[in-house]
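[1] no sequence for this one, just the structure:
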């Protein structure tokens, strides 16, 4: 892999900064709301000891971000790039969560657009793992025009495997859809 999967990405509203060890407390404050995790594969991530495992996996991925709402300079969530596949020329985006007050505000769309615009300079395909019970995220990803392509048991860092739906989007689909919306 000859590209950086942890750049700084930003627009007028949000910034995605590489996640660092010292970000734990701030990110945990956001993540400690049980409502965030109701539909996620691990519904207990709001608990400090379980969130520590999630956070360790985020750091180990080498592609995790903290998401900042720029006006308030507030940590509002996290997401990551992971599992680059050189043979398929693909990468995954996932492990995303946002503070409840940012649901339905367009922040997820903005973050995904920043990530996709960047990563499609280097890969041809992006896949997303979304928990089979995470209806909210399935709806959000479909609003971006991304379609379900399969199902897979995903082994989460330090957790037991869980059923996920796989959504996939090619570089051509992403940029042609953006042209149509102009």
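    Received, thanks. Predicted model only: the values in this text are computed from it and were never measured.

[2] Just give the number of residues close to residue 118.
    16 (other Cβ atoms under 10 Å). Where C-beta positions appear, they are placed from N, C-alpha and C, glycine not excepted.

[3] For it, what is the enclosing helix or strand?
    helix 107-119 (DSSP states H and E).

[4] List of residues touching that helix?
    Helix 107-119 is contacted from outside by 5, 7, 9-11, 13-14, 16, 67, 69, 76-77, 79, 81, 91, 93, 96, 98, 102, 126, 140-141, 143-144, 169, 174, using Cβ atoms under 8 Å, 6 or more residues apart in numbering.

[5] For ChimeraX, write the selection for the buried entries among those.
    Here is the ChimeraX command that selects the buried residues among the contacts of helix 107-119 (16 or more other Cβ atoms under 10 Å):
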select :5,7,9,14,16,67,69,76,77,79,81,91,93,96,98,102,126,140,141,144,169,174
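
[6] Let's see which of the contacts of helix 107-119 end up in helices.
    140-141, 143, 174 (DSSP state H).

[7] Bridging across strands, which residues link to residue 154?
    Under DSSP bridges, the beta-bridge partners of residue 154 are residue 162.

[8] the strands in this protein, which residues?
    Assigned by DSSP state E, the strands in the chain fall at 9-10, 14-18, 64-69, 74-85, 90-98, 125-131, 147-154, 162-170.
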